[in-house]
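Engineer: The following block contains a protein sequence and its predicted model.
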Amino acid sequence: MTDATAPTLFTWEFASDPYPAYAWLREHAPVRRTTLPSGVDAWLVTRYADARQALADARLSKNPVHHSEQAAHAKGKVGIPGERGAELMTHLLNIDPPDHTRLRRLVSKAFTPRRTAAFEPRVQELTRGLIDAFAARGSADLIHEFAFPLPIYAICDLLGVPAEDQDDFRDWAGAMIRHGGGPRGGVARAVKRMRSYLLELIHRKRADLGDDLISGLIRASDHGEHLTENEAAAMAFILLFAGFETTVNLIGNGTYALLRHPVQRALLQDALAAGDSALLDTAIEELLRWDGPVEIATWRFATEPLTLGGQRIGEGEPVLVVLAAADRDPGRFAGPDTLDLARRDNPHLGFGHGIHYCLGAPLARLEGRTALAQLLTRLPDLQLAQNPEDLRWRGGLIMRGLRTLPVTFSADT
Ligand code: HEM
């Protein structure tokens, strides 16, 4: 029976390299009911075709009211937003149409690809400033000194958080990333502070609208309907929350992958030195596929019994789509375990799929491109300062990222 050889999931060993376990699941039990470390049972979906189908299936709700009794009791344990801080939790990733459609349309009017493109010089400048701070030292922890601050400052700038308040956000975001997604303890405090800050900021901006994204959210209207202050605060919060740790991990996992693949990295460095950015574009997509920031998509709950990959899923049961497994499916990708920065046929699920497809993808790509290009150009002999086996990964269920990434390089003065 296949179960005798089933891998153990969610251990430290698994966290450092989950891909062999996912390969087993994809082959032997592609839709499998699993007990998570929190004690909650959920279905893990690991094949590409099933994953895509599940992400677009309207019978799988994002609204936690649809989860079954068992998950309801355990929701605090697994980081499903509970009652505390509930106002901020009524955001895009926790709602279904028609509310989702209305709110997403409103935010899309303010958070346009054009706004992101116009933001590029600022991202370049922020990136340069962060590298300047450690370039002369010859060593750095790229997570704490680079991957972590870049997205937080970028999103704060974009939203219109004044410079003098941005370090508060850095602290709150730090508390959220350290303690994981659960709305408890340090996280609950950080979320509460962020909420009162955002509400006050929205209030101030309403009286003095500017050019920033929060002003854009206040201004955005749909058939004469505007976001309420609570909705605008929840929207600002999800932009911070969804856009922060994900981008940290794109820069962290991406740099780490390049450091461990010297031939691929040399190709990219040569292309950048020649002023050719086409390889950088495909490289970002490949890094998202090969070891992406979001290992498992956020929670979904069956609103009615349904069949997926031959398994019967009951009403109220949680479904977790394992993006990291789907994106290494040999049924969709040629040589899926090989990192090929020039890969062209690459419809990865790293940004999700369907109506919840990542709203911040253009910003994430801009930050990832800028960060990697500047790092590789300014610190061309960048190397890992620690044994890969000793690197620690964060243990969360949804995100995949390193705790630290110590590097050395010839000082750039
Ligand atoms: C949704 C990935 C960066 C904002 C998602 C989803 C994924 C994802 C997989 C869908 C989750 C699901 O369906 O369960 C990523 C990755 C990023 C990134 C890999 C970085 C490399 C950002 C940024 C922002 C952002 C920078 C905004 C500033 C959002 C929002 C949603 C979302 C608002 C919810 C959309 C909806 O429900 O309609 N992201 N994201 N993301 N992302 Fe991102």
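Structural biologist: Arrived safely, thanks for sending. Numbers count the residues shown, from 1 in each chain.

Engineer: show me what contacts residue 176?
Structural biologist: With contacts defined as Cβ atoms under 8 Å, 6 or more residues apart in numbering, the neighbours of residue 176 are 187, 190-191, 241, 244-245. Using the backbone N, CA and C atoms, a C-beta is placed for each residue, glycine as well.

Engineer: Ok, residue 235 next?
Structural biologist: 91-92, 103, 107, 217, 227.

Engineer: Give me the subset of those that also touch the ligand.
Structural biologist: By Cβ under 6 Å from any ligand atom, the members of the contacts of residue 235 lying near the ligand are residue 92.

Engineer: follow-up on the earlier one: CSV please, covering the contacts of residue 176 and showing distance to the ligand and pLDDT.
Structural biologist: Rendered in CSV, the data for the contacts of residue 176 read as follows (distance: Cβ to the nearest ligand atom, whole Å; pLDDT from 0 to 100):
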residue, distance to the ligand, pLDDT
187, 19, 78
190, 18, 84
191, 16, 83
241, 8, 85
244, 8, 92
245, 9, 92
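
Engineer: interface residues of the stretch 51-200 of the chain facing the ligand?
Structural biologist: Residues of the stretch 51-200 of the chain found near the ligand (Cβ under 6 Å from any ligand atom) are 55, 92-93, 104, 155.

Engineer: Return the subset of the contacts of residue 176 lying in helices.
Structural biologist: Of the contacts of residue 176, the ones assigned to helices by DSSP state H are 187, 190-191, 241, 244-245.

Engineer: Between those, which sits nearest residue 125?
Structural biologist: Nearest to residue 125, judged by Cβ to Cβ, of the ones in helices among the contacts of residue 176 is residue 244 at 19.3 Å.

Engineer: separation between the closest residue to the ligand within the stretch 51-200 of the chain and residue 325?
Structural biologist: Using Cβ to the nearest ligand atom, the point where the stretch 51-200 of the chain gets nearest to the ligand is residue 92, with a distance of 3.4 Å. Here the criterion is Cβ to Cβ, to the nearest Å. By it, residue 92 lies 24 Å from residue 325.

Engineer: Which one's more surrounded, these two?
Structural biologist: Higher neighbour count among residue 92 and residue 325: residue 325, with 26 against 19, using other Cβ atoms under 10 Å.

Engineer: For the residue of the chain found nearest the ligand, which non-adjacent residue is closest in space?
Structural biologist: Closest residue of the chain to the ligand, Cβ to the nearest ligand atom: residue 360 (1.9 Å). Nearest in space to residue 360, with sequence neighbours left out and distances taken as Cβ to Cβ, 6 or more residues apart in numbering, is residue 243 at 4.6 Å.

Engineer: OK, contacts around the one you found?
Structural biologist: Contacts were defined as Cβ under 8 Å, 6+ apart; by that measure residue 243 touches 151, 155, 360, 363-364.

Engineer: do the same with residue 376
Structural biologist: Residues near residue 376 by Cβ under 8 Å, 6+ apart: 258, 265, 268-269, 272, 382.

Engineer: Look at it and report its pLDDT.
Structural biologist: Confidence per residue is given as pLDDT, and for residue 376 that number is 97.

Engineer: How about residue 88?
Structural biologist: The predicted local distance difference test score for residue 88 is 69.

Engineer: on that earlier part again, biggest separation within the contacts of residue 176, which pair?
Structural biologist: Of all pairs in these, the most separated under Cβ to Cβ is 191 and 245 at 14.1 Å.

Engineer: So between those two, which is more surrounded?
Structural biologist: For residue 191 against residue 245, the residue with the higher neighbour count under other Cβ under 10 Å is residue 245, and the figures read 26 against 22.

Engineer: Residue 399 is in contact with that one, correct?
Structural biologist: Yes: here residue 245 reaches residue 399: they are 5.4 Å apart, a contact under Cβ atoms under 8 Å.

Engineer: what do these two both touch?
Structural biologist: The overlap between the contact sets of residue 245 and residue 399 (Cβ under 8 Å, 6+ apart) consists of residue 293.

Engineer: could you pull out the strands for the stretch 251-400 of the chain?
Structural biologist: Here the stretch 251-400 of the chain has its strands, by DSSP state E, counting those that start in this stretch, at 300-302, 306-308, 311-313, 318-321, 383-384.

Engineer: residues of the fourth one that come out buried?
Structural biologist: Neighbour-count burial for strand 318-321, with 16 or more other Cβ atoms under 10 Å as criterion, is recorded at 318-321.

Engineer: would you turn those into a markdown table with pLDDT?
Structural biologist: Rendered in a markdown table, the data for the buried residues of strand 318-321 read as follows (pLDDT from 0 to 100):
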| residue | pLDDT |
| --- | --- |
| 318 | 96 |
| 319 | 98 |
| 320 | 98 |
| 321 | 98 |
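
Engineer: Closest one of those residues to residue 393?
Structural biologist: Sorting the buried residues of strand 318-321 by distance to residue 393 puts residue 320 at the head of the list, at 18.1 Å, by Cβ to Cβ.

Engineer: Who is the closest one paired with across the strands?
Structural biologist: Following DSSP bridges, residue 320 is listed with bridge partners residue 44.

Engineer: contacting residues for the residue nearest to residue 259 when sequence neighbours are not counted?
Structural biologist: Nearest-residue entry for residue 259: residue 384, 4.9 Å, with adjacent residues in sequence omitted and distances by Cβ to Cβ, 6+ apart. The neighbours of residue 384, taking Cβ under 8 Å, 6+ apart as the test, are 256, 259-260, 405-407.

Engineer: May I see those organised as JSON lines, with pLDDT and neighbour count added?
Structural biologist: JSON lines is the format used below for the contacts of residue 384 (pLDDT from 0 to 100; neighbours: other Cβ atoms under 10 Å):
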{"residue": "256", "pLDDT": "98", "neighbour count": "22"}
{"residue": "259", "pLDDT": "98", "neighbour count": "16"}
{"residue": "260", "pLDDT": "97", "neighbour count": "13"}
{"residue": "405", "pLDDT": "98", "neighbour count": "24"}
{"residue": "406", "pLDDT": "98", "neighbour count": "16"}
{"residue": "407", "pLDDT": "98", "neighbour count": "22"}
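
Engineer: quick one: which of the residues you listed sit in helices?
Structural biologist: Helix and strand membership here follows DSSP H; of the contacts of residue 384, those in helices are 256, 259.

Engineer: per-residue pLDDT, residue 76?
Structural biologist: Looking at residue 76, its pLDDT stands at 47.

Engineer: hang on, the earlier thing: just the contacts of residue 235 now: which is nearest residue 355?
Structural biologist: Taking Cβ to Cβ as the measure, residue 355 lies nearest residue 92 of the contacts of residue 235, at 9.3 Å.
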